[in-house]
Every structure is written in structure tokens, then in C-alpha cells.
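Undergrad: Pasting the sequence and the predicted model now:
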Amino acid sequence: MTSRLRYARKSHFSSEDFDNSPSDIKEPDFTDEETLLRMKELIPAESFEAIDISKPVVEVGQILLCIGHQQVELTETNVPSLHILRDFAYETSIVLTFHANTVLYGLRYLIKTNSFSAEAMALRLNFGMVLPSRREQVHTVYLDLSQIPKMDDGDYHTFYLELGTDDGRLFAERSFRLSLKDVKGIKNYETIYGL
């Protein structure tokens, strides 16, 4: 199911959390005829034809958290709590599907947690320039979580994920909870993971 976000919410993660200052590059103004003609020369025809300024800048579809062969959909209301074996923690990835309806600069993922550090730790991954497309775009971000501290039974690290732009707009916000385990710490891991 696709959520249409016509107006992006403001991110509650300040850009002051990062060494890099926010980008001051903005999307092209396609209501301006001169800009429209210039972009028609710069981007592929299929991307130009997919521009639709009547729609939201980004329409977010499915966001999946993948751990090995296990996939869990992250939604606004679903906050999954998952065990993850250290041997598989480096195989974690997040798969995002979305539609971009304009040329977009500064689209980025922000994954943040303060559950195992006095200071919040964050990972920011920039997409760079994203071109519009009539087809759904799929992006995969790989995470190595093998170094996060082991947790006791019942305790979890909470991670917050944002899809937004460097100027503070927020298109999607999700969270998930992970408990990292060593194999010897889970008696029935064969049953849980189907190994």
C-alpha cells in the first residue's frame, strides 16, 4: 500500500547531529518555463514525461527490513521486535520502494539509535539525484549490525529510520527493535530461523 504524503513533515532529527551542513540545492521549479526547457535537455525523455507536479514529490511504498532470508515490513504502526544472530547481522538490509514525481536532490536515509551509547549514533546514506519514473523505484541499503552490543533476553536496541531530504523534509518514518544474540545464547535458534 502506498501512502501519499503531499506535504512532508519536519524531521525531529536536527541536521546539527551531522558534521556536514544541509544541502542548499533545491529541486528544479517545473512551473518556470525556462527551467522546464533546460531540464528537458538534461534528463532522459522517459524521466521528463514522468514529471507530475500535481502529485507529492515522493510517494513512499513498501519498506522492508531484511535479516538473512527473513523479511518484515516496516509500517507507521508496526514496530517489530526481532532477534538477530551475530553471524547474520552483517546481512541486514532495508529495501525501499517509492515513486519520485520530480527531479529530487538530497534524498537520504537516516538511521539513528541512542540505545547503546550516551550520545546518539546515526548513519546517513545519501541517494544523490533521483530522477522521476512512472515505474516504482527500488533501493536497497545494506547495514552491518554485527558490532552492536549483545543484549540480555527481553532487551532490545531501538532504531529509528527516516526517509527525507537534507533540508529537513520527511517523507517516511519507521522504527524497529533488534536484540543481537550469539548462537549459544538461543537454545531453539534452529526452530526460530529454520536452520
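TA: Cool, the structure landed. Residues are numbered from 1 along each chain as shown.
Undergrad: quick one, what contacts residue 132?
TA: Residues counted as contacts of residue 132 (Cβ atoms under 8 Å, 6 or more residues apart in numbering) are 47, 50-52, 100-104. C-betas here are computed from N, CA, C, even on glycine.
Undergrad: out of these, who has the most neighbours?
TA: Using other Cβ atoms under 10 Å as the neighbour test, the contacts of residue 132 are led by residue 100, with 23 neighbours.
Undergrad: Show me what the longest helix belonging to the chain packs onto, helices and strands only.
TA: Criterion DSSP state H: the longest helix present in the chain is helix 33-42. The helices and strands touching helix 33-42, judged by 3 or more Cβ pairs under 8 Å, 6 or more residues apart in numbering; DSSP states H and E, number zero.
Undergrad: In stretch 57-76, which residues are buried?
TA: 57-61, 63, 65-68, 70, 74 (16 or more other Cβ atoms under 10 Å).
Undergrad: Which residue ranges of the protein form helices?
TA: So, for the chain - with DSSP H - the helices run 33-42, 45-49, 189-193.
Undergrad: now the ones you listed as a markdown table including mean pLDDT?
TA: Output for the helices of the chain, formatted as a markdown table (pLDDT from 0 to 100):
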| stretch | mean pLDDT |
| --- | --- |
| helix 33-42 | 87 |
| helix 45-49 | 92 |
| helix 189-193 | 40 |
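Undergrad: Can you say which of those is nearest to residue 136?
TA: Set against residue 136 and scored by Cβ to Cβ, those come closest in helix 45-49, at 14.1 Å.
Undergrad: contacting residues around the closest one?
TA: By Cβ under 8 Å, 6+ apart, helix 45-49 touches 39-40, 103, 131-134.
Undergrad: Show me what counts as buried in the longest helix of the chain.
TA: residue 39.
Undergrad: Name the surrounding residues that touch that helix.
TA: By Cβ under 8 Å, 6+ apart, helix 33-42 touches 28-30, 48, 103.
Undergrad: then that helix to CSV, C-alphas only?
TA: Presented in CSV, the C-alpha positions along helix 33-42 are these (Å, rounded to 0.1, in the frame of the first residue of the first chain):
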residue,chain,number,x,y,z
GLU,A,33,9.2,27.7,-18.4
GLU,A,34,13.0,28.3,-18.7
THR,A,35,13.7,25.6,-16.1
LEU,A,36,11.4,23.3,-17.8
LEU,A,37,13.1,23.7,-21.2
ARG,A,38,16.6,23.3,-19.6
MET,A,39,15.6,20.1,-17.7
LYS,A,40,14.1,18.7,-20.9
GLU,A,41,17.6,18.8,-22.4
LEU,A,42,19.3,17.4,-19.4
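Undergrad: The lengthiest strand in the chain - contacts with which helices or strands?
TA: Determined from DSSP state E, the single longest strand within the chain is strand 169-181. Applying 3+ Cβ pairs under 8 Å, 6+ apart, one finds that strand 169-181 contacts strand 9-10, strand 58-67, strand 81-85, strand 157-165.
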